[in-house]
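[1] Predicted model follows, preceded by the sequence.
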Amino acid sequence: MILITNRGDVGISFPANSKVLPGGEVHPSVDPAVASWKAVNLTAHLQKAVDIMDLLVVTDAIRRLNPAIEVHLIMPYVPYARQDRVPAPGESLTSKVFCNLINDQHYNTVTVLDVHSDVTVALLDRVRHVTLPQAVARAMPKRDWANTVLVAPDAGAMKKTLDLAKLVGCPQAVSYTHLKGGGGGGGGGGGGGGGGGGG
């Protein structure tokens, strides 16, 4: 799904209407009102390969309506981010292939959320990387973090949990892992201390 929003009036937004032709090609239709806008946010939820092509042709349609318009891409999920290396001869550095496609669109900014790989973030031009701790802190600005305990589901998530604790001033963060068939779970001690730093 692709949502087009007027950056000058965030109350004005609508989805890009794309139909799929018999051969599987996408055919976009963008509201001509975009021609009078100065800048747009293009929010793209890319879940399938065809969604990537949809993004490219919608971008083209917007710029044909207004060649001078600023286009700011918001891409919560970055496809192929986990394919950030070439594990064996004959395989592709797929994350770079995808990032090159995005860079070729010359978006004014590209905002991404909690990308799996720092390598992928480095491959994107004009990127704004919102980490998971930053996103959680923004989503819950009024939470009483001083009386909150953050729990990481496993050891791998502990760093992000501690980063969030430090960011919001949460004094307690713990890690918990449940072992299948083991008859119990294990808890790991977490960070503490004023200001919620790591432990």
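    On my side now, so go ahead.
[2] contacts, neighbours, all on C-alpha from now
    Noted.
[3] Give me the contact list for the longest helix seen in the chain.
    Assignment by DSSP state H gives helix 49-65 as the longest helix of the chain. Applying Cα atoms under 8 Å, 6 or more residues apart in numbering, the contact partners of helix 49-65 are 1-2, 16, 18, 26-30, 32, 34-35, 44-46, 69, 71, 105.
[4] Show only the entries of the residues you listed found in strands.
    2, 18, 26, 27, 28, 29, 44, 71 (DSSP state E).
[5] Reformat the residues you listed as CSV; add pLDDT and distance to residue 109.
    Shown next, in CSV, are the ones in strands among the contacts of helix 49-65 (pLDDT from 0 to 100; distance: Cα to Cα, whole Å):
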residue, pLDDT, distance to residue 109
2, 90, 16
18, 81, 24
26, 88, 25
27, 89, 25
28, 86, 22
29, 89, 23
44, 96, 13
71, 98, 8
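[6] List only those of those residues flagged as buried.
    Buried members of the ones in strands among the contacts of helix 49-65, scored by 16 or more other Cα atoms under 10 Å, are 2, 18, 26, 28, 44, 71.
[7] Which two among the residues you listed are spaced furthest apart?
    Between any two of those, the greatest separation by Cα to Cα is 20.4 Å, found for 26 and 71.
[8] List the contacts of stretch 15-33.
    With Cα under 8 Å, 6+ apart, stretch 15-33 has contacts from 1, 2, 3, 4, 50, 53, 54, 57, 58, 61, 62, 65.
[9] again, 10 Å this time
    Outside stretch 15-33, the residues that touch it by Cα atoms under 10 Å, 6 or more residues apart in numbering are 1-5, 14, 42-44, 50-51, 53-62, 65-66.
[10] Drop anything exposed from these.
    Among those, the ones that count as buried (16+ other Cα under 10 Å) are 2-5, 42-44, 53-55, 57-59, 61-62, 65-66.
[11] one step back: return the member of the ones in strands among the contacts of helix 49-65 nearest to residue 92.
    When these are compared against residue 92 (criterion: Cα to Cα), the nearest one is residue 44, at 24.2 Å.
[12] I'd say the closest one and residue 102 touch.
    No. Residue 44 is beyond contact range of residue 102, at 11.8 Å (criterion: Cα atoms under 10 Å).
[13] what sits in contact with each of the two?
    52, 55, 73.
[14] Send me stretch 38-49 as CSV with only the CA atoms.
    Extracted C-alpha coordinates of stretch 38-49, given in CSV (Å, rounded to 0.1, in the frame of the first residue of the first chain):
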residue,chain,number,x,y,z
LYS,A,38,4.9,21.7,-3.1
ALA,A,39,5.9,18.5,-1.3
VAL,A,40,4.5,15.1,-0.5
ASN,A,41,5.2,12.3,1.9
LEU,A,42,5.1,9.0,0.1
THR,A,43,4.5,6.2,2.7
ALA,A,44,5.2,2.8,1.2
HIS,A,45,4.5,-0.5,2.9
LEU,A,46,6.5,-2.9,0.7
GLN,A,47,5.5,-6.5,1.5
LYS,A,48,5.9,-8.1,-2.0
ALA,A,49,8.2,-7.6,-5.0
